[in-house]
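Engineer: Sharing a model prediction with you, sequence too.
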Amino acid sequence: MPLQLPADLSTRPTPFYLYDLGLLEQTLAAAADAARQHDIQVHYALKANSNAPILERVQRRGFGADCVSGNEVQCALDNGFAPGHVVFAGVGKSDAEINRALAADIWCFNVESAPELAVIDELAGAQGRRARVALRLNPNVDARTHHYITTGLEANKFGINLADLPQVLELLARLPNVELVGLHVHIGSQITDLAVYETLAGRVNELQQWFEHRGIRLGHLNVGGGLGVDYHEPDAHLVPDFDAYFGIFGRLLQRRPGQQVHVELGRSLVAQCGTLVSRVLYVKESQQTSFAILDAGMTELIRPALYQSYHRIENLSGQGPERLYDVVGPICESSDTFGKRVALPETRRGDVVVLRTAGAYGEVMSSGYNLRDKAPAVYLG
Ligand SMILES: Cc1ncc(COP(=O)(O)O)c(C=O)c1O
Ligand SMILES: N[C@@H](CCCC[NH3+])C(=O)O
């Protein structure tokens, strides 16, 4: 399927984010089918992209919302997610955020530490409520992804380490305003080696047994998100292999009767439907390198600067034999580089250059550094 472009591209100012809603629907349908087949509930991780037209489509599929701030909780509610389908996660929830989520009577707080548990109990008590909580445990499983987006190792700030679990359970037993409803793990993002999820499923089974030996039955198992996408050859894998991913948990998790299994997917649902569209401002020839300087930079898409991430770069208007370019943005930082020695057709001022697979952690991570304008979003399909 060729990249869909707006009919008025030649006169439309750049940069902008372009979203293919047809591809989004196709991706959501594939995920919903696979989830249904394995009886797994999806909570969409809003942090990947919280634009209203995207949330509207996610919500229509019957997915819930996985939120990591009070504003994300509010955004989910404003965009039609029922409170009973909203989860609030995150290592540093403020009192104000917890209070808002309690007042909205969301489904569950994913709790990351003993002090947080005590605060939720206190605030719930003050509101005359009982909060449902899942404990986020650190399963110490290596996601084999970039170290900045690995979250399930003991060295990471996330989750409760297994050594601390007995004390957390003692605390939980003493707190009157919190009810333990589940177990939560999340080991990282952009996971492409699915064997990692097999290890995770085994670890979750062990954890469940550990709880059961202490007489605790878990209403749901939340195995987090992290399914990766193909940044290198997006057109070959526009829709991720949800069947393989859900199948692992469907097959390997030892589910108890009536127990629910939840996943929190972000990137895999929205990454491929988004593209950052820019134009070449200048081609600057230096002795060693040809720079293609774009009108988009790290302020629009920070992933290459932050994680050395690869995004496929295509010159849609260039013709002629390929040459190598360092593709950079206009921001006053040397890390404002989208790719080095990128093969592009002969590139000129005004050419339209796109960065693919930018629907997740693209627009949401944009900034106003250098007092840049926010790039608008354009929706097709
Ligand atoms: C706790 C939690 N759940 C879900 C996600 C969504 O991850 P992804 O977009 O990789 O599916 C993240 C981000 O890594 C996360 O930290
Ligand atoms: N923002 C990151 C992933 C972090 C996911 C959230 N825990 C990325 O662009 O890849």
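Structural biologist: Thanks, I have it. Ligands and ions are numbered 1, 2, ... in the order given.

Engineer: which strand is the longest one in this structure?
Structural biologist: Ranked by residue count and defined by DSSP state E, the top strand of the chain is strand 274-285.

Engineer: tell me which strands and helices that one is in contact with?
Structural biologist: Contacts defined by 3 or more CB pairs under 8 Å, 6 or more residues apart in numbering; DSSP states H and E place strand 274-285 against strand 16-20, strand 290-294, strand 352-355. C-beta coordinates here come from the backbone N, C-alpha and C atoms, glycine included.

Engineer: Just send the ones you listed back as TSV, with mean pLDDT, mean neighbour count and distance to residue 244 too.
Structural biologist: Putting the helices and strands packed on strand 274-285 into TSV (pLDDT from 0 to 100; neighbours: other CB atoms under 10 Å; distance: least, CB to CB, whole Å) gives the following:
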stretch	mean pLDDT	mean neighbour count	distance to residue 244
strand 16-20	98	23	23
strand 290-294	98	21	36
strand 352-355	98	23	27
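
Engineer: out of these, which comes closest to ligand 1?
Structural biologist: strand 16-20 (16.5 Å; CB to the nearest ligand atom).

Engineer: partners of that closest one, with directions?
Structural biologist: Using DSSP bridges, the strands paired with strand 16-20 are strand 274-285 (antiparallel), strand 377-380 (parallel).

Engineer: Now the terminal residues of stretch 328-343, how far apart.
Structural biologist: One end of stretch 328-343 sits 14 Å from the other (CA to CA, to the nearest Å).

Engineer: contacts for it?
Structural biologist: 281, 291-301, 304-305, 310-311, 313, 322-327, 355, 369-370, 372 (CB atoms under 8 Å, 6 or more residues apart in numbering).

Engineer: Just the buried ones from those?
Structural biologist: Listed as buried from these are 281, 291-301, 304-305, 311, 313, 323, 325-327, 355, 372; burial here means 16 or more other CB atoms under 10 Å.

Engineer: and residue 8, how many neighbours?
Structural biologist: 8 (other CB atoms under 10 Å).

Engineer: Tell me which residue of the stretch 51-200 of the chain lies closest to ligand 1.
Structural biologist: Taking CB to the nearest ligand atom, the stretch 51-200 of the chain has residue 189 as its residue nearest ligand 1, at 3.2 Å.

Engineer: Per-residue pLDDT of that residue, please?
Structural biologist: The model reports residue 189 with a pLDDT of 95.

Engineer: how far away is it from residue 225?
Structural biologist: 7 Å (CB to CB, to the nearest Å).

Engineer: what helices or strands is the helix or strand where residue 115 lies leaning on?
Structural biologist: In the assignment (DSSP states H and E), residue 115 maps to helix 114-126. Packing contacts for helix 114-126, counted by 3+ CB pairs under 8 Å, 6+ apart, involve helix 95-103, strand 108-111, strand 131-138, helix 165-174, strand 178-184.

Engineer: I would like the residues contacting the last one, please.
Structural biologist: Here strand 178-184 makes contact (CB under 8 Å, 6+ apart) with 89, 108, 110, 117, 120-121, 124, 130-137, 159, 172, 204, 207-208, 211, 216, 218-222, 224, 260, 262.

Engineer: next helix or strand past that strand?
Structural biologist: helix 195-213.

Engineer: Can that following helix be said to contact ligand 1?
Structural biologist: No: Helix 195-213 does not reach ligand 1 (CB under 6 Å from any ligand atom); its nearest approach is 11.8 Å.

Engineer: got the CA coordinates for that helix in PDB?
Structural biologist: This file holds the C-alpha atoms of helix 195-213, laid out as PDB (Å, rounded to 0.1, in the frame of the first residue of the first chain):
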ATOM      1  CA  ALA A 195      10.900 -15.200  22.900                       C
ATOM      2  CA  VAL A 196      11.100 -12.600  25.600                       C
ATOM      3  CA  TYR A 197       7.400 -12.800  26.000                       C
ATOM      4  CA  GLU A 198       7.600 -16.500  26.500                       C
ATOM      5  CA  THR A 199      10.000 -16.000  29.300                       C
ATOM      6  CA  LEU A 200       7.700 -13.300  30.700                       C
ATOM      7  CA  ALA A 201       4.700 -15.600  30.600                       C
ATOM      8  CA  GLY A 202       6.700 -18.200  32.600                       C
ATOM      9  CA  ARG A 203       7.700 -15.600  35.100                       C
ATOM     10  CA  VAL A 204       4.100 -14.500  35.600                       C
ATOM     11  CA  ASN A 205       3.000 -18.100  36.200                       C
ATOM     12  CA  GLU A 206       5.600 -18.400  38.900                       C
ATOM     13  CA  LEU A 207       4.500 -15.100  40.400                       C
ATOM     14  CA  GLN A 208       0.900 -16.200  40.400                       C
ATOM     15  CA  GLN A 209       1.900 -19.400  42.300                       C
ATOM     16  CA  TRP A 210       3.800 -17.300  44.800                       C
ATOM     17  CA  PHE A 211       0.600 -15.300  45.500                       C
ATOM     18  CA  GLU A 212      -1.600 -18.300  45.700                       C
ATOM     19  CA  HIS A 213       0.700 -20.000  48.200                       C
END
